[in-house]
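Trainee: Structural data only, the sequence is not supplied:
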């Protein structure tokens with residue numbers, strides 16, 4: 001825990017010891033690797049997050065795989081009648097954590113999932129405050145007493161996210177799309193996501209007031225992350241409808257509008273969370289989702305009505321400011337030792353920022369109908385946060401581009417985007433050098 005959290009310390013000497021703590025955690029775990037227990041599952045998940053912070057996606061996947069295998073060996077999906085309520089609920093939450101990271105990590109790395117969810121599953125996590133009030137030797141919470149909380153809703157939404165992943169993977173491998181099948185599948189998943197939001201309890205529905213209340217309860221960051229995740233699932237489901245090269249469909253325009261709506265909502269939630277220190281969304285993965293939101297906002301900026309431009313550019317700038325802040329906590333070369341070329345240093349510390357710059361430059365270089373083409377490259381951009389963009393793609397869009405190329409076909413909008421990118425990148429570089 002110290003190895004992961006040291007980066008958030010105000011004192012530089014504590015932050016500097018983060019890599020030492022992280023190495024000690026890995027060494028301690030490796031020495032006890034064959035001890036299959038809940039504590040080692042939790043250690044695997046924490047170390048995997050440290051690896052993610054260091055842009056080591058291979059090690060991240062490996063530690064998550066170990067956690068999932070241990071959970072299966074312990075059969076955490078089954079109830080042990082000998083254990084008390086706190087131990088049982090902890091086991092349930094650990095099992096569902098393995099489910100969540102399996103879906104997210106497999107999507108981020110482009111690998112197959114490990115867990116096959118069947119009817120043999122534990123009860124959904126209980127409401128957060130009920131769990132925090134459990135004490136050792138307490139009786140288990142009965143099914144009658146059980147209440148849903150953010151964690152239980154999160155698990156249910158990730159089950160839909162898993163189906164969205166499957167649909168997107170299907171779309172990029174088949175040679176010819178079955179538009180009727182796609183539309184039917186999107187309709188079904190859209191209804192499920194909408195139903196989730198409508199079922200949120202009053203205290204879970206998003207509002208500035210609820211954000212403050214949950215922050216006071218110590219649940220502010222969970223609350224922010226929960227709602228930002230929901231907006232991401234919706235953006236991902238509807239993103240393909242931003243591709244103007246695809247043939248029109250019955251709900252195509254409506255779904256494109258919904259994608260843009262969720263991008264705006266994401267920006268609003270992120271901005272509000274940054275204004276409350278007890279609710280800041282500081283998870284590493286938030287950077288990736290912010291990139292996707294910015295890509296959607298860019299679509300509005302390129303193709304939207306002139307009246308939408310001031311608001312859209314303000315939202316883009318807000319997202320970029322959030323990324324620069326996140327970069328302070330998650331520099332990907334924090335554990336590197338020795339001399340590093342400054343240009344490489346900036347590139348590595350700005351892994352997610354670099355993805356956005358690549359995307360923005362690709363947009364202004366492409367013909368206006370190709371900016372959001374839904375293809376394998378776009379799927380990698382949208383989901384596979386653990387990977388850098390293909391070298392060919394990166395080279396094509398990252399090399400020096402003449403001003404006239406930026407201006408071609410986009411006029412003042414291109415110049416504005418270029419100015420924002422330049423200011424954003426300069427700020428990012430300064431953070432990396434500090």
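Mentor: On my side now, so go ahead. For clarity, every value in this text was computed on a predicted model and none was experimentally measured.

Trainee: Most distant residue from the centre of this protein?
Mentor: Most distant from the centre of the chain: residue 82, at 37.6 Å, with distances by CA atoms, centre = their mean.

Trainee: Secondary structure class of that one, three-state.
Mentor: Classification of residue 82 using DSSP: H, G, I helix; E, B strand; the rest coil returns coil.

Trainee: mind listing what it touches?
Mentor: Residue 82 makes no contacts at all, as judged by CB atoms under 8 Å, 6 or more residues apart in numbering. C-beta coordinates here come from the backbone N, C-alpha and C atoms, glycine included.

Trainee: Who are the packing partners of the helix or strand containing residue 42?
Mentor: Element membership of residue 42 [criterion: DSSP states H and E] is helix 38-53. Other elements packing on helix 38-53 under the criterion 3 or more CB pairs under 8 Å, 6 or more residues apart in numbering; DSSP states H and E are helix 2-5, helix 18-31, helix 57-74, helix 85-109.

Trainee: tell me how far it is from the chain's mean position?
Mentor: 17 Å (CA atoms, centre = their mean, to the nearest Å).

Trainee: and the angle from it to helix 57-74?
Mentor: On the basis of axes from the mean of the first three to the mean of the last three CA atoms, to 10 degrees, helix 38-53 is oriented at 160 degrees to helix 57-74.

Trainee: Check which residues of helix 38-53 are buried.
Mentor: 38, 40-53 (16 or more other CB atoms under 10 Å).

Trainee: List the contacts of it.
Mentor: So helix 38-53 is contacted by 1, 3-4, 7, 22, 25-26, 28-29, 32-33, 57, 59-61, 63-64, 66-67, 70-71, 74, 76, 90-91, 94, 97-98, 101, 105, 284-285, 330, 332, 334, 386 (CB under 8 Å, 6+ apart).

Trainee: out of the residues you listed, which are buried?
Mentor: For the contacts of helix 38-53, a burial check counting by 16+ other CB under 10 Å picks out 3-4, 7, 22, 25-26, 29, 57, 59-61, 63-64, 66-67, 70-71, 74, 76, 90-91, 94, 97-98, 101, 105, 284-285, 330, 332, 334, 386.

Trainee: what stretches of the stretch 1-150 of the chain score poorly on pLDDT?
Mentor: Low-confidence segments of the stretch 1-150 of the chain (pLDDT under 70): 119.

Trainee: roughly how far apart are the residue farthest from the centre of the chain and residue 88?
Mentor: Here residue 82 is placed at a distance of 10 Å from residue 88 (CB to CB, to the nearest Å).

Trainee: do residue 246 as well
Mentor: Distance, residue 246 to residue 88, using CB to CB: 49 Å.

Trainee: Likewise for residue 118?
Mentor: Residue 118 sits 20 Å away from residue 88, going by CB to CB.

Trainee: Same question for residue 274.
Mentor: 37 Å.

Trainee: Could you check which of the two is surrounded by more residues?
Mentor: Between residue 274 and residue 88, counting by other CB atoms under 10 Å, residue 88 is the more crowded of the two (22 against 18).

Trainee: Surely that one touches residue 80?
Mentor: Yes. With contacts counted by CB atoms under 8 Å, residue 88 reaches residue 80, the gap being 6.8 Å.

Trainee: quick one: residue 224 and residue 279 touch, right?
Mentor: Yes. Judged on CB under 8 Å, residue 224 makes contact with residue 279 at a distance of 5.1 Å.

Trainee: who touches both of those two?
Mentor: Contact criterion CB under 8 Å, 6+ apart; residues bridging residue 224 and residue 279 by contacting each: 211, 272-273.

Trainee: Can you tell me which of those has the most neighbours?
Mentor: Counting by other CB under 10 Å, top hit in the shared contacts of residue 224 and residue 279: residue 273 with 25 neighbours.

Trainee: and it, what is it in contact with?
Mentor: With CB under 8 Å, 6+ apart, residue 273 has these contacts: 211, 220-221, 224, 228, 279-281.

Trainee: ditto for residue 237
Mentor: For residue 237, the contacting residues are 164, 186, 189-190, 193, 259, by CB under 8 Å, 6+ apart.

Trainee: Just want the most central residue of the protein.
Mentor: Most central in the chain under CA atoms, centre = their mean is residue 285, positioned 3.7 Å from the mean C-alpha point.

Trainee: Hmm, that one is touching residue 104, no?
Mentor: Yes. Counting by CB under 8 Å, residue 285 touches residue 104, with 7.1 Å between them.

Trainee: re the thing from before, of the contacts of residue 237, just say which sits nearest to residue 114.
Mentor: Residue 114 lies nearest to residue 164 out of the contacts of residue 237, by CB to CB, at 18.6 Å.

Trainee: Tell me the helix or strand right after the one helix or strand residue 171 maps to.
Mentor: Using DSSP H and E, residue 171 maps to helix 150-173. Note on helix 150-173: by DSSP H and E, the next helix or strand toward the C-terminus is helix 179-199.

Trainee: residues in contact with that next one?
Mentor: Here helix 179-199 makes contact (CB under 8 Å, 6+ apart) with 153, 156-157, 160, 163-164, 167, 171, 205, 230, 233-234, 237-238, 240, 247, 249-251, 255, 258.

Trainee: need the contact list for residue 87.
Mentor: Taking CB under 8 Å, 6+ apart as the contact definition, residue 87 lies against residue 80.

Trainee: rewinding a little: as CSV, the helices and strands packed on helix 38-53 with distance to residue 147 would be great.
Mentor: Below are those laid out as CSV (distance: least, CB to CB, whole Å):
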stretch, distance to residue 147
helix 2-5, 29
helix 18-31, 34
helix 57-74, 25
helix 85-109, 13
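
Trainee: Summarise which helices and strands the helix or strand encompassing residue 209 is packed against.
Mentor: Counting by DSSP H and E, the element that carries residue 209 is helix 208-216. Helices and strands touching helix 208-216, by 3+ CB pairs under 8 Å, 6+ apart, are helix 220-238, helix 252-274.

Trainee: Rebuild these as JSON lines, extending it with distance to residue 139 and mean pLDDT.
Mentor: Below are those laid out as JSON lines (distance: least, CB to CB, whole Å; pLDDT from 0 to 100):
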{"stretch": "helix 220-238", "distance to residue 139": "26", "mean pLDDT": "96"}
{"stretch": "helix 252-274", "distance to residue 139": "36", "mean pLDDT": "95"}
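
Trainee: out of those, deepest packed?
Mentor: Among those, the stretch with the highest mean neighbour count (mean count of other CB atoms under 10 Å) is helix 220-238, at a mean of 23.
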